[in-house]
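# structure for this input, please:
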Amino acid sequence: MLDGFDALVLARIQFAFTVSFHFLFPAFSIGLASYLAVLEGLWLKTGREVYLTLFRYWLKIFAITFAMGVVSGIVMSYQFGTNWSVFSDRAGPVIGPLMAYEVLTAFFLEAGFLGVMLFGMEKVGKKLHFAATLAVAVGTFISAFWILAVNSWMHTPQGFIIGANGQFLPADWWAIIFNPSFPYRLVHTVIAAYLTTALIVGAVGAWHLLRDRGNAGARKMFSMAMWMAALVAPVQIFAGDLHGLNTLEHQPAKVMAMEGHFGSHPDGAPLILFGLPDQDAATVRYKLEIPKASSLILKHDLDAPLAGLDSVPREDWPPVPIVFWSFRVMVGLGFLMLGLGLFSLVARARGRLYDWPWLHRFALAMGPSGLVAVLAGWITTEVGRQPYTIYGLLRTSASASPLDAPAVAASLVAFVLVYFAVFGVGVWYLLKLMGHAPHAGEPGIEAGPDRPIRSAGITPAPAVERGQ
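As a prediction, the model looks like this:
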């Protein structure tokens with residue numbers, strides 16, 4: 001199955017597979033942790049049981065998602081040593097401390113308060129439990145901060161010197177962390193995580209509204225999710241535009257690949273909506289384009305010149321077809337999210353938010369779109385950085401370990417089999433949890449058939465007390 005692939009290609013496939021699998025879980029858990037904090041805060045402020053119901057409902061889902069994110073992330077660190085030892089040796093003095101900061105400031109914070117958040121509602125006061133929930137939510141954000149600082153430095157490296165042995169040595173930590181692309185990448189990624197969570201929550205709410213429009217928990221979660229989609233989707237599109245302009249400044253070849261601009265356009269570049277990029281022939285076949293629109297978007301001037309890939313040595317071109325299409329998947333889904341938010345505003349204005357089946361079906365279909373969009377965005381970013389691991393300084397071909405292809409192939413096959421078996425079961429169980437409707441007296445993680453929930457003065461219904 002993997003005949004004909006050399007060790008470098010197999011190592012890249014393996015890292016792409018494992019990081020793609022891993023990225024889906026933090027993309028959901030970052031937003032879900034904040035959503036849980038909002039739910040618990042609203043419950044403490046209003047005393048309304050529906051917020052506690054939803055908190056307990058989504059807490060179980062968060063626990064499993066967080067666990068799968070941790071487990072899938074551990075594997076990636078080993079690959080730096082096994083498959084990418086040259087990269088680890090040369091970039092380790094910069095990347096190693098940043099990864100250590102992530103563990104010390106974020107993972108320890110999450111791990112320290114996660115137990116209280118999951119199991120402590122009956123054991124600590126309401127305010128302390130809420131503080132633990134906030135700590136976990138803040139921890140997920142700090143984790144994203146450090147990971148994105150590392151990733152952004154690989155795209156826009158600065159604040160370093162190169163030692164005698166070719167290592168990248170830190171010279172200015174402030175410049176390393178707050179490199180030119182980091183603020184844009186952090187904002188764009190974190191908002192994407194919040195939108196991903198909102199779309200999943202909205203899809204679950206829509207599913208249960210299609211079955212029972214009177215379910216209070218489904219109505220509340222759907223309403224909150226649609227507010228998030230309506231308000232945040234346009235912000236994300238704006239943030240994405242700013243990120244694109246920053247990328248044009250620092251990684252122009254990536255933007256050229258995203259736009260499909262093989263040739264330069266001295267009098268205004270067209271916006272290619274669709275087409276089939278042919279990298280060998282350096283052209284986009286069967287293209288549908290809007291004249292000069294790309295110059296308007298990227299330079300805010302219809303006649304502004306834009307350079308193409310013909311101005312870049314061919315050996316420095318990224319894989320154009322992959323970047324071209326992944327970018328369009330991300331942008332297309334972003335505008336569908338905006339459409340869902342606007343649709344929900346119309347339904348809300350007409351008083352039909354909870355009884356408009358077409359809106360609910362649309363929201364249900366959009367449930368996984370956030371996950372697909374963040375994955376497409378990651379592919380655009382990382383494939384567009386090629387052929388470099390550290391942009392402009394260290395090529396991917398010079399970063400890999402001296403391994404034979406069969407060794408890398410064997411580990412890749414093992415990862416594929418184990419990941420689909422283990423995480424397939426995990427995803428199935430998540431869907432099973434989402435498939436049951438939230439109800440008053442929702443049992444928490446501490447509850448069981450012989451131990452009903454009675455915390456915070458909430459007495460469950462008789463059916464819940466019997467564990468039914």
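
# mind checking which helix or strand residue 136 is in?
For residue 136, the element it lies in under DSSP states H and E is helix 126-155.

# which neighbouring elements make contact with the helix or strand following that helix?
Using DSSP H and E, the helix or strand that follows helix 126-155 in sequence is strand 160-162. Using 3 or more Cβ pairs under 8 Å, 6 or more residues apart in numbering; DSSP states H and E, the elements in contact with strand 160-162 are strand 168-170. Every residue, glycine included, has its C-beta placed from N, CA and C.

# who does the strand it packs on pair up with?
strand 160-162 (antiparallel) (DSSP bridges).

# name the residues that touch the strand it pairs with?
Under the contact criterion Cβ atoms under 8 Å, 6 or more residues apart in numbering, strand 160-162 has outside partners 94, 168-172, 176.

# any buried residues in that strand, and which?
Across strand 160-162, burial judged by 16 or more other Cβ atoms under 10 Å covers residue 160.

# for it, the distance to its chain's centre please.
31 Å (Cα atoms, centre = their mean, to the nearest Å).

# now that strand: average pLDDT?
The predicted model assigns strand 160-162 a mean pLDDT of 92.

# check stretch 180-190 too.
94.

# hang on, the earlier thing: out of the contacts of strand 160-162, which end up buried?
Neighbour-count burial (16+ other Cβ under 10 Å) applied to these gives 94, 168, 170, 176.

# quick one, the helix or strand harbouring the first one and helix 126-155 angle?
Read that as residue 94. Using DSSP H and E, residue 94 maps to helix 85-102. When axes from the mean of the first three to the mean of the last three Cα atoms, to 10 degrees is applied, the directions of helix 85-102 and helix 126-155 differ by 150 degrees.

# return the set of buried residues in helix 85-102.
Buried, per 16+ other Cβ under 10 Å, within helix 85-102: 85-91, 94-95, 98-99, 101-102.

# now it: average pLDDT?
Per-residue pLDDT values over helix 85-102 give a mean of 89.

# just after it, pick out the following helix or strand.
Sequence-wise, the next helix or strand downstream of helix 85-102 (DSSP H and E) is helix 108-119.

# and that next one, what does it pack onto?
helix 49-82, helix 126-155.

# by mean pLDDT, show me the worst of those helices.
Ranked by mean pLDDT, those bottom out at helix 49-82, with a mean of 85.

# which strands and helices sit next to that one?
If contacts are counted by 3+ Cβ pairs under 8 Å, 6+ apart, helix 49-82 sits against helix 7-46, helix 85-102, helix 108-119, helix 216-250, helix 405-435.

# nearest to residue 286, out of those?
helix 216-250 (24.6 Å; Cβ to Cβ).

# could you give the average pLDDT over the very next helix or strand once past the closest one?
Towards the C-terminus, the helix or strand next in line after helix 216-250, according to DSSP H and E, is helix 252-259. Average pLDDT, helix 252-259: 92.

# what do you get for stretch 35-43?
Per-region confidence: stretch 35-43 scores 92 on mean pLDDT.

# buried set for that stretch?
35-40, 42-43.

# farthest pair in the buried ones among the contacts of strand 160-162?
By the measure Cβ to Cβ, 168 and 176 form the most distant pair in these, at 9.4 Å.

# mutual contacts of those two, please.
Between them, residue 168 and residue 176 share these contacting residues under Cβ under 8 Å, 6+ apart: 94, 160.

# please identify the helix or strand for residue 277.
Following DSSP H and E, one finds residue 277 within strand 271-278.
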